[in-house]
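J.: let me see the structure of the following:
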Amino acid sequence: MLDPISIDVASLNLASLLPMSIIILGALAIIVIDLVTKDLHKSFYVVISELFILLSLGAVFGYSGDARGFFDVMLVDGIAQLSEGIILVASALFIPLALTSKRFHEYSYPEFFALFLFMIAGFQFMVATDNLIMIFIGLETASLALYTLIAMHNRERSLEAAIKYFTMGALAAGFFVFGAMILYALTGSVEIHKISEVLVTKHFEPMAGVLTAVVFMLAALGFKLSMVPFQTWVPDVYEGASAPLAGYMSVVPKIAGLVVAMRLFEFLVHADVVWVQNILWIVAVVTMTLTNIMALVQESVKRMLAYSSISHAGFVMSAILIGTTQANSALFLYWVLFMFTNLGAFTMLWVSRHKTKVGENKTRFDHPYEKFSGMVKIMPVNALIMGLFMLSLAGMPPFSLFWGKLYLMSSAINSGFIVLAGIMALNSAISVYYYLKLVVYMFLREPSKDSSIIYMKGAPVALKTIIGFSAAATLLGTFMVSPLLDMITQYVKASGF
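T.: Next up is the predicted model:
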């Protein structure tokens with residue numbers, strides 16, 4: 001008889017699974033509560049969801065065990081902790097928005113909150129592992145939940161958006177599986193750190209196989225990051241989703257994709273594989289430039305923010321090409337500042353709404369520029385806060401995102417990517433136009449006469465609190481960049497990036 005396999009529970013390091021386990025437990029608790037007790041108010045589920053998110057956040061930054069856990073599948077390093085922190089903080093900001101409107105019926109369903117928590121857990125698994133199978137499981141868990149959340153908005157555009165997202169997501173999943181299969185065939189492993197060891201030892205032979213795997217993986221992650229040419233779904237999906245969910249989608253799925261891309265491609269960059277560097281250079285430059293130009297001609301503020309969020313993703317994708325500690329620290333600094341600013345801007349679209357659509361494009365878009373005409377005369381606080389978000393997103397000094405862009409460009413210059421830094425500066429200058437266009441409408445145009453405006457003073461306290469917190473974080477980021485950057489750099493260095 002074969003000897004029984006003995007596993008030391010302590011060696012599994014189950015604490016590495018604690019943040020995800022808390023979130024999954026919260027989702028299951030919501031489902032069970034709904035089965036037992038019907039017709040509970042949505043505020044109860046908001047509180048439950050927020051509680052489990054905050055508990056998970058405490059587990060993330062309170063973790064002090066080994067980096068590896070659960071048969072070495074989990075990887076809890078500084079990069080994982082930073083990215084999980086961004087995911088959970090953005091989620092904690094989003095959930096209270098369920099209390100802000102009676103128009104959107106999806107928030108009255110307990111299933112919405114359960115799916116939202118399952119989605120968070122999926123993103124957490126993506127960033128807290130370097131195992132390609134676990135990354136795929138996390139990716140599909142998060143994506144399937146997100147498709148459903150978009151469709152639950154139950155508008156014609158929402159169903160169309162969910163179908164487009166599902167179709168493109170299925171294609172991306174196929175690309176990821178094919179890329180992982182090729183890497184496994186070449187190296188005999190699905191763990192990125194072992195794949196890198198084998199490929200470096202073999203001097204990346206056969207090169208054709210590595211090239212094919214990289215192309216498949218870049219296509220799969222390009223969908224999640226909205227890289228050109230995989231960005232076509234973004235404006236329609238953002239237009240179909242509710243404004244806060246669109247803001248959430250512009251932050252959280254992208255940081256998960258960026259972390260996976262960092263783990264997957266940076267060892268190739270460090271090995272001086274020139275063609276990988278060239279591919280990443282082209283993808284980053286084309287993405288930030290083309291989507292910036294497309295944002296210039298948008299007639300809807302929501303679609304403008306959708307294209308600009310793609311441009312921001314292309315901007316920070318350059319950090320993976322540069323591959324230094326400074327660049328990786330700049331990536332997380334940039335995304336922390338972007339998180340508060342962009343989520344706040346999308347939420348403002350929800351606040352500054354009209355009972356009837358306005359402008360020439362009222363049959364096409366919910367948020368045309370005309371809708372914001374003369375806002376300073378009608379809702380001065382709204383106009384000031386939205387102006388703050390626009391100036392920050394534009395990278396105007398001294399507002400918060402200016403420092404993220406400056407530090408990222410300085411990392412490019414320090415690593416010899418002078419042309420790349422110049423292109424980044426040029427794109428930042430281009431983006432000023434379409435962000436300031438909205439500012440012009442708000443402060444220099446006369447109010448629209450054919451609209452019925454809902455004032456912010458009538459908005460629920462939860463909505464005012466989230467917007468106020470985002471605005472305060474945006475302002476604070478302007479003056480607290482240095483200590484924030486020092487903290488981020490410590491986590492990045494601890495991960496060996």
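
J.: does Val214 belong to a helix or a strand, and which?
T.: Here Val214 sits within helix 207-225, counting by DSSP states H and E.

J.: check which residues of that helix are buried.
T.: Across helix 207-225, burial judged by 16 or more other CB atoms under 10 Å covers 209-214, 216-225. Placement of C-beta: from N, CA and C, glycine included.

J.: what pLDDT does Val101 get?
T.: Heads up, residue 101 is Ser, not Val. Looking at Ser101, its pLDDT stands at 57.

J.: next one: Ala145
T.: With respect to pLDDT, Ala145 has a value of 91.

J.: and what of Pro206?
T.: On pLDDT, Pro206 comes in at 74.

J.: Gly78 now?
T.: 89.

J.: got the contact list for it?
T.: For Gly78, the contacting residues are Gln490, Tyr491, Val492, Lys493, Ala494, Ser495, by CB atoms under 8 Å, 6 or more residues apart in numbering.

J.: give me the phi and psi for the closest residue to it other than its chain neighbours.
T.: Closest residue to Gly78 apart from its sequence neighbours, by CB to CB, 6 or more residues apart in numbering: Tyr491 at 3.2 Å. Here is the backbone geometry of Tyr491 (degrees, to the nearest 10): phi -60, psi -40.

J.: so what's the gap between the helix holding Val214 and the chain middle?
T.: What separates the centre of helix 207-225 from the centre of its chain is 20 Å, taken as CA atoms, centre = their mean, to the nearest Å.

J.: heading C-terminal from it, find the next helix or strand.
T.: helix 234-240.

J.: what's the offset of that following helix from the middle of its chain?
T.: For helix 234-240, the distance to the chain centre is 15 Å (CA atoms, centre = their mean).

J.: got it, and stretch 35-51?
T.: Counting by CA atoms, centre = their mean, stretch 35-51 is centred 26 Å from the centre of its parent chain.

J.: then stretch 178-192?
T.: 26 Å.

J.: then stretch 246-259?
T.: Counting by CA atoms, centre = their mean, stretch 246-259 is centred 1 Å from the centre of its parent chain.

J.: got the end-to-end distance for it?
T.: 20 Å (CA to CA, to the nearest Å).

J.: what helix or strand is Arg263 located in?
T.: Per DSSP H and E, Arg263 falls inside helix 252-270.

J.: quick check: next helix or strand after that helix?
T.: That would be, after helix 252-270 and using DSSP H and E, helix 274-296.

J.: what's the first helix or strand after that following helix?
T.: Moving toward the C-terminus from helix 274-296, the next helix or strand (DSSP H and E) is helix 301-322.

J.: list the helices and strands that following helix packs on?
T.: Applying 3 or more CB pairs under 8 Å, 6 or more residues apart in numbering; DSSP states H and E, one finds that helix 301-322 contacts helix 234-240, helix 243-249, helix 252-270, helix 274-296, helix 325-351, helix 400-414, helix 418-444.

J.: list the buried residues in the last one.
T.: It stands for helix 418-444. If you call a residue buried by 16+ other CB under 10 Å, then helix 418-444 has these buried ones: 420-421, 423-424, 427-428, 430-431, 434-435, 437-439, 441-443.

J.: next structured bit after it?
T.: Per DSSP H and E, helix 418-444 leads on to helix 461-479 as the next helix or strand towards the C-terminus.

J.: what sits against Leu17?
T.: By CB under 8 Å, 6+ apart, Leu17 lies in contact with Gly69, Phe70, Met74.

J.: what do you get for Gln490?
T.: Contact partners of Gln490, counting by CB under 8 Å, 6+ apart, are Gly78.

J.: then the one 3 residues further on?
T.: With contacts defined as CB under 8 Å, 6+ apart, the neighbours of Lys493 are Gly78, Thr325.

J.: how does it look with 6 Å?
T.: Thr325 (CB atoms under 6 Å, 6 or more residues apart in numbering).

J.: how about Phe112: what's its closest non-neighbour residue?
T.: In space, and not counting its chain neighbours, Phe112 is closest to Glu106: 5.1 Å by CB to CB, 6+ apart.

J.: close enough to count as contact, the one you found and Ala151?
T.: No: counting by CB atoms under 6 Å, Glu106 does not reach Ala151; the two are 9.1 Å apart.

J.: okay, buried residues for the helix holding Arg263 please.
T.: Neighbour-count burial for helix 252-270 [16+ other CB under 10 Å]: 252-269.

J.: look up phi and psi at the nearest residue in space to Trp403 that is not next to it in sequence.
T.: Of all residues not flanking Trp403 in the chain, Val481 sits nearest, at 4.4 Å (CB to CB, 6+ apart). Reported as degrees, to the nearest 10, the phi and psi values for Val481 are phi -60, psi -40.

J.: Val89 versus Val481, what's the distance?
T.: Val481 sits 17 Å away from Val89, taking CB to CB, to the nearest Å as the criterion.

J.: likewise for Leu132?
T.: Distance of Leu132 to Val89, given as CB to CB: 27 Å.

J.: so which of these two has more stuff around it?
T.: Per other CB atoms under 10 Å, whichever of Leu132 and Val89 has more neighbours is Leu132, with 24 against 20.

J.: my read: the more buried one touches Met181, true?
T.: No: if you go by CB under 6 Å, Leu132 and Met181 don't touch, sitting 9.3 Å apart.

J.: a markdown table for the contacts of Leu17, including secondary structure and distance to Pro244?
T.: Formatted as a markdown table, the contacts of Leu17 follow (DSSP: H, G, I helix; E, B strand; the rest coil; distance: CB to CB, whole Å):
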| residue | secondary structure | distance to Pro244 |
| --- | --- | --- |
| Gly69 | strand | 34 |
| Phe70 | coil | 34 |
| Met74 | strand | 31 |
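
J.: considering those, which possesses the most neighbours?
T.: Busiest of the contacts of Leu17 [other CB under 10 Å] is Met74, holding 24 neighbours.

J.: which ones are touching that one?
T.: By CB under 6 Å, 6+ apart, the residues touching Met74 are Ser16, Ala128, Thr129.

J.: ok, now which ones touch the nearest residue to it once chain neighbours are set aside?
T.: The spatial neighbour of Met74 that comes closest, neighbours along the chain excluded (CB to CB, 6+ apart), is Ser16 at 4.1 Å. Ser16 makes contact with Gly69, Phe70, Met74, Val76, according to CB under 6 Å, 6+ apart.

J.: now the two most distant members of the residues you listed.
T.: By the measure CB to CB, Phe70 and Val76 form the most distant pair in the contacts of Ser16, at 10.0 Å.
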